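K.L.:
let me see the structure of the following:
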Amino acid sequence: MNEQALESRGVVIFAVGLVSVLACQLLGPVAFIMGQAYVRDCQAWGVEPSGLGQAGRILGIVSTVLLVLALVIYGLACCAGVGMALLGG
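P.N.:
Numbers count the residues shown, from 1 in each chain. Model (predicted):
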């Protein structure tokens, strides 16, 4: 793998990370995992990771955190709804 291939991987990771934040948070963990592998490969080749690759990895982290928060809030809302229904409220 050469530097050009690593650079293009960085662009793909950025695109997946951006889509995960803007449209589909389920892609957040994908962007994060791809970003981690990208950084590891860059270190193995002795190449500095591109800014776009790093940004995509960070966007993946942000999207994953937002996804987890949304699931927690949704779970709490469901529990509150069930509690209210059981209490006759």
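
K.L.:
who does the longest helix anywhere in the chain touch, helix- and strand-wise?
P.N.:
Among the elements of the chain assigned as helix by DSSP state H, the one spanning the most residues is helix 51-87. Packing partners of helix 51-87 (3 or more Cβ pairs under 8 Å, 6 or more residues apart in numbering; DSSP states H and E): helix 3-22, helix 28-45. The way it works is simple: take the backbone N, C-alpha and C, and place the C-beta from them, glycine included.

K.L.:
what does the longest one rub up against?
P.N.:
With Cβ atoms under 8 Å, 6 or more residues apart in numbering as the contact definition, helix 3-22 has outside contacts at 26-28, 30-31, 34-35, 38, 41-42, 45, 47, 49-60, 62-63, 66.

K.L.:
ok, stretch 45-58 next?
P.N.:
With contact meaning Cβ under 8 Å, 6+ apart, stretch 45-58 is reached by 1, 3, 6-7, 9-18, 31-32, 34-36, 38-39, 42.

K.L.:
just the buried members of the residues you listed?
P.N.:
Neighbour counting by 16 or more other Cβ atoms under 10 Å classes 6, 9-10, 13-14, 16-18, 31-32, 34-35, 38-39, 42 among these as buried.

K.L.:
any chance of the helices and strands packed on helix 51-87 in a markdown table, plus mean pLDDT and distance to residue 80?
P.N.:
A markdown table is the format used below for the helices and strands packed on helix 51-87 (pLDDT from 0 to 100; distance: least, Cβ to Cβ, whole Å):
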| stretch | mean pLDDT | distance to residue 80 |
| --- | --- | --- |
| helix 3-22 | 92 | 28 |
| helix 28-45 | 94 | 26 |
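
K.L.:
I'd like those laid out as TSV, including distance to residue 78.
P.N.:
Listed next are the helices and strands packed on helix 51-87 as TSV, based on distance: least, Cβ to Cβ, whole Å:
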stretch	distance to residue 78
helix 3-22	24
helix 28-45	22
